[in-house]
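A.B. asks: Pasting a predicted model and its sequence here:
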Amino acid sequence: MNSVILAIESSCDETSAAVVVSGKILSNVIATQKVHEKFGGVVPELASRAHQKNIIPVVQQALNEAGVRKDRLSAIAFTQGPGLLGSLLVGVTFAKGFALARGIPLVSVHHMKAHILSHFINDPKPAFPFLCLTVSGGHTQIVVVRDYLDMEVIGETLDDAVGEAFDKAAKLLGLPYPGGPMIDKHAQKGNAESFTFPKTKVPGLNFSFSGIKTAFLYFLRNNKTANANFIEENFDDICASIQHILVQMLLDKLKLAAKQTGINEIAIAGGVSANSELQISLQQLATKKGWNLYIPKIEYCTDNAAMIAMAAHFKFIKQRLADMDTPALPRMKF
């Protein structure tokens, strides 16, 4: 089915719009929010205000870059959840108003499923079935993907997401928000074997990162008591060591999932998939295990509307449409 879809992403602190025409992304505009940096994390009220300010110019830019007029649109898509309620509401209400004004249908999209489907924006594309490790600030999941709209979570975090663990460690080290990329930057100059941390033992394919956060807190506190300059003197090595254990915890479960399912098509998605050690370690593991590995381009790792557009494309083909009563769901189930 030939389709022209405008997609909106506003689940957290990026306002993004994209246009997809018959499965091909023609534009992907992202407005980031700098206002949260001084608070050390996303402030929901400030995020929703920034979305309200950004959404119209971002949508207009996406349409302009795609060379698409509003009267050509077949549908408008939006992130339904999960995410921050206020942020989601800006995108949901804008999409509904736009669809009502233009007389076109709505397509609601699950944010985490869209991360997975970002692998179909560019070549090479994974073959079905494949395993996808989705890792972000709010989620850590291993998903079996049998088809574009047929996915099953077979492992997930029981408490905190790995992205939260990265950001918490960064905050304890005095790094600015978002801290995960900063840890990655310093880790590349450090020795990952300098310090050791205990891996959290969880049965099956599930994860837990609350314990490692607590262990890291006490590690810093105890060493600073003995040496007030401990962090400054060992900064890069500390970053490398904490990053290494977090990556290894992810890989341990992914190896187990591949063994249990017999699936050798492996993908990663979500903001943490941009982490350099995770990518390098996965590439080495894929070579050793004979996996076909798929890593999205950096612009599709973090939150963006292109992935929402791609997910909407596949839903539109099946005519799985939303309506004006479709709510924003901050805790939307997979």
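C.D. replies: Alright, I've got the coordinates. Since we're looking at a predicted model, the values are computed, not measured.

A.B. asks: Grab the most central residue of the protein for me.
C.D. replies: Centroid check for the chain by C-alpha atoms, centre = their mean gives Gly270 as the closest residue, at 2.6 Å.

A.B. asks: thinking that one is in contact with Ser136, fair?
C.D. replies: Yes: under the criterion of C-beta atoms under 8 Å, Gly270 makes contact with Ser136 at 3.7 Å. To be clear about C-beta, it is placed using only N, CA and C from the backbone, and glycine gets the same treatment.

A.B. asks: residues making contact with stretch 52-62?
C.D. replies: The contact list for stretch 52-62 (C-beta atoms under 8 Å, 6 or more residues apart in numbering) reads 6, 8, 10, 15-19, 27-31, 90-91, 94, 98, 305.

A.B. asks: Let me see the mean pLDDT of it.
C.D. replies: Averaging pLDDT along stretch 52-62 yields 97.

A.B. asks: that older thread, quick one: common contacting residues for Gly270 and Ser136?
C.D. replies: Contact with both Gly270 and Ser136 is made by residues 112, 115, 163, according to C-beta under 8 Å, 6+ apart.

A.B. asks: Can you tell me which of these has the most neighbours?
C.D. replies: Counting neighbours by other C-beta atoms under 10 Å, His115 leads those with 31 neighbours.

A.B. asks: is it true that it touches Ala269?
C.D. replies: Yes: applying C-beta under 8 Å as the test, His115 and Ala269 come out as touching, 4.1 Å apart.

A.B. asks: Show me the contact partners of the helix or strand containing Met151.
C.D. replies: For Met151, the element it lies in under DSSP states H and E is strand 150-156. Strand 150-156 is contacted by residues 113, 116, 139-146, 204-207, 253, 257, 261, 334 when judged by C-beta under 8 Å, 6+ apart.

A.B. asks: Please check those and keep the buried ones.
C.D. replies: Among the contacts of strand 150-156, those scoring as buried are 113, 116, 139-145, 205-207, 253, 257 (criterion: 16 or more other C-beta atoms under 10 Å).

A.B. asks: State the pLDDT value of the residue lying closest to Ile245 once chain neighbours are set aside.
C.D. replies: Excluding the flanking residues, the one nearest Ile245 by C-beta to C-beta, 6 or more residues apart in numbering is Phe197, at 4.6 Å. With respect to pLDDT, Phe197 scores 95.

A.B. asks: Much appreciated, bye for now.
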